[in-house]
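S.K.: Requesting a structural model of the entry that follows:
(chains A and B)
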Amino acid sequence: MRTKRLFLVSFVAILVPLVASCGAASGGEAAGSGDIVVFAASSLTDAFTDLAAAFNVVNPDAKVTFNFSGSSELVTQISQGAPADVFVSADDTNMKKLAAAGEVAGDPVAIAKNTFQIIVENGNPQGITGLADLAKPGLVVVLCAETVPCGQGAAKILKNSNVTMTPKSLEDRVKGVVAKVTAGEADAGIVFATDVQAAGDKAVGVEIPTDVNVVTNYPMAVTKEAPNAALAQVFIDFVSASQGQAILAKYGFLAP
Amino acid sequence: MIWRRRPKRRAGVPVWVTALAAVAVLFFALPVIGLLWRAPWSHAWAYLTEDSALTALRLSMVCSLWATLLSIIFGVPLAWLLARVQFVGRSAVRALCMMSMVLPPVVGGVALFFALGRRGIVGQYLDRWFDLRLPFTTAGVVIAQTFVAMPFLVVTVEAALRQLDTSFEDAARTLGASRWYTFRRVTLPAIGPALAAGSALAWARALGEFGATITFAGNFPGTTQTMPLAVYLALETNPEQAIVLALVMIAISFAVLVALRDRWFIRAGSESTRVQR
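M.R.: Residues are numbered from 1 along each chain as shown, chains lettered A, B, ... in the order given. This is a model prediction of the structure:
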């Protein structure tokens, strides 16, 4: 018992200065360890949770925690001083907004692309084949509000294809549209292709022709006030490299 | 009439009570002061008179008043039942009716889907038989607001009914008054202040309702976009306008609550003391 405790004490006594000197001496070299907080667009929820697990295998001393929400809400939170190391936006607009607020360090890296699909309930009971069907009378269509990337994309797509229709609701986030379609309350919506895939067997996607479809970028950057900028950069490099890209592709994201 | 106004006995208030109370007041005042401090006063009028803001404001007023009315119509009988009638499972029924107070409003909205939505337990028949769909309608907003607001009225009124001395009601009944007459002329005046307070609470809760509304009724200008939804969305694109809209909500509820306190509560309060004496 006694020797055990002695062993423990000496172990700690050796380890503590070792770790401390490590952190003090390098700063940059101890990059693979510590904590980072990643603020990511809600469409990345599943893919990034998976990415963090893979990242942890390579960097066992690193801990990645997430805050998933609408891109514009994340910009508000970071601008108000929320402790973020990394920001990933579902569009360039919100990344630019954060950069304009002086909260981004360095140049954002494009990590993925996404396109849009019409989401309908599994089995497509209303027989929707394309954008023109969304204007059918009696059909309950919900879209994202234009304050979030999916809403801006949807508005642009409808304009590109000359379809005029009145949605029943303008949701504040893309998952709101998905939820209303999978619950059977709405017949159709326009969401990211990855959201249709994430909905599993509850929903199916109807393709939107590429000539009217919109492609969005996912830029990723270290924040200005990042408490652990070094690890943040390691994480961004990991997402950009082949392993990270393979995981993103698995969830339906396109290469940047 | 024991006392009409607050008795003037300030000298006896312990210092620590005042200090703690002052912290509480500051805790509530500071966020409001923060909003006032950041408000874009030069553009305030322009933001306010925008069509979208006026539409949301009008919708909020109409819906929250309907929700309050429905809460009174159904909530007072419920409170009476819970306070006065002994029945098996009363505690369970009470807990069930209070559930929406602790339920995250967004979950409440989803639960309303399962109940009253197009595929809901009851909703599917409303749709099939009456062609009635509640999600994405103004009626849906009223239902979502009533769902979260009514418990506040029930709790307040039930507490008042329990504290009420039933001998006045018994006297009225022995003197030949009908049940309804007794309730209207004896019980109701006695619980007047509680009913007013409960209604005010329910109204305030309905006015600020966000989660259940956006989930169950969606968000569309003119039909379901109430002030809190408009404020939330404005926060993402135009934070200045969001602050102005939030301040308007605060100003309206502040004015109503202060006016109620001075007129309704006090007068009703003195009346109830008269009845009780």
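
S.K.: Tell me the pLDDT of residue A:105.
M.R.: For residue A:105, the pLDDT comes out at 92.

S.K.: cool, residue A:232 as well?
M.R.: pLDDT, residue A:232: 94.

S.K.: can you tell me which helix or strand it belongs to?
M.R.: Element membership of residue A:232, judged by DSSP states H and E, is helix A:229-240.

S.K.: name the helices or strands packed onto that helix?
M.R.: Applying 3 or more Cβ pairs under 8 Å, 6 or more residues apart in numbering or on different chains; DSSP states H and E, we find helix A:229-240 packed against strand A:34-41, helix A:45-58, strand A:62-69, strand A:86-88, strand A:104-114, strand A:216-223, helix A:242-250. For every residue, glycine as well, the C-beta is placed using N, CA and C.

S.K.: Same list as before, those that is, but in TSV and with mean neighbour count and distance to residue B:76 included.
M.R.: As requested, the helices and strands packed on helix A:229-240 are arranged in TSV below (neighbours: other Cβ atoms under 10 Å in any protein chain shown; distance: least, Cβ to Cβ, whole Å):
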stretch	mean neighbour count	distance to residue B:76
strand A:34-41	22	47
helix A:45-58	17	45
strand A:62-69	17	41
strand A:86-88	27	51
strand A:104-114	18	53
strand A:216-223	23	53
helix A:242-250	16	57
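
S.K.: circling back to that earlier point, list the buried residues in the helix holding residue A:232.
M.R.: A:229-236, A:238-240 (16 or more other Cβ atoms under 10 Å in any protein chain shown).

S.K.: before we move on, what about stretch A:76-87?
M.R.: A:76-78, A:84-87.

S.K.: Now that stretch: average pLDDT?
M.R.: So the average pLDDT for stretch A:76-87 ends up being 90.

S.K.: From one end of that stretch to the other, what's the distance?
M.R.: From its first residue to its last, stretch A:76-87 covers 12 Å (Cα to Cα, to the nearest Å).

S.K.: Please see if the one helix or strand residue B:109 maps to touches chain A.
M.R.: Residue B:109 is part of helix B:105-116 when elements are defined by DSSP H and E. Yes - if you take Cβ under 8 Å from any Cβ of the partner chain as the test, helix B:105-116 does meet chain A, through B:110, B:113.

S.K.: same for the helix or strand following that helix, what does it pack against?
M.R.: Next helix or strand after helix B:105-116 toward the C-terminus (DSSP H and E): helix B:123-130. Applying 3+ Cβ pairs under 8 Å, 6+ apart, we find helix B:123-130 packed against helix B:105-116.

S.K.: Can you name the residue of the stretch 151-277 of chain B nearest to chain A?
M.R.: Closest to chain A within the stretch 151-277 of chain B is residue B:218: 2.7 Å, counting by Cβ to the nearest Cβ.

S.K.: follow-up on the earlier one: go through the helices and strands packed on helix A:229-240 and name the closest to residue B:156.
M.R.: strand A:62-69 (35.6 Å; Cβ to Cβ).

S.K.: for the record, mean pLDDT for the closest one?
M.R.: 92.

S.K.: That strand relative to strand A:34-41, how many degrees between them?
M.R.: Counting by axes from the mean of the first three to the mean of the last three Cα atoms, to 10 degrees, strand A:62-69 lies at 20 degrees to strand A:34-41.
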